[in-house]
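1. structure, please.
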Amino acid sequence: MNHDELYKALCKVPNGKEKSRDKIIIELYMRSEGASQKQLVDALNMRPATVSEQTDILIELGYVTKHIDYMDKRISV
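-> Residues are numbered from 1 along each chain as shown. From the prediction side, this is the model:
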């Protein structure tokens, strides 16, 4: 299964918080360089609060990490 097939399969998962987390993980996986929360909001068409809440959970679970981009001082995941 390639990335596109995996993403399409995950899009079929019923709406809920777990689906938001899955979409964030896949988007970050496809962006090997990481992404800011704003980039995730724009790419996934999610509310900023949802992206923030779900990325915090993913960090707690150990799936993603945050780091500061020293070029623009914003936090990326």
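2. could you count how many residues lie near residue 34?
-> The local packing of residue 34 (other CB atoms under 10 Å) involves 15 other residues. From N, CA and C alone the C-beta is placed, and that goes for glycine too.
3. quick check: it touching residue 67?
-> Yes. The criterion here is CB atoms under 8 Å, and residue 34 meets it with residue 67 at 7.5 Å.
4. which residues does residue 41 contact?
-> 47, 48, 51 (CB atoms under 8 Å, 6 or more residues apart in numbering).
5. show the buried residues in these.
-> Taking 16 or more other CB atoms under 10 Å as the criterion, what is buried in the contacts of residue 41 is residue 51.
6. take the contacts of residue 41 and keep only those in helices.
-> 48, 51 (DSSP state H).
7. so which of the contacts of residue 41 is the closest to residue 27?
-> Nearest to residue 27 among the contacts of residue 41, counting by CB to CB, is residue 51 at 9.8 Å.
8. quick one: that closest one from residue 70, how far?
-> 22 Å (CB to CB, to the nearest Å).
9. ok, which stretches of the protein are strands?
-> Listed in chain order, the strands of the chain (DSSP state E) span 67-68, 75-76.
10. hey, least reliable of those by pLDDT?
-> When those are ranked by mean pLDDT, strand 75-76 comes last with a mean of 60.
11. good, wrapping up.
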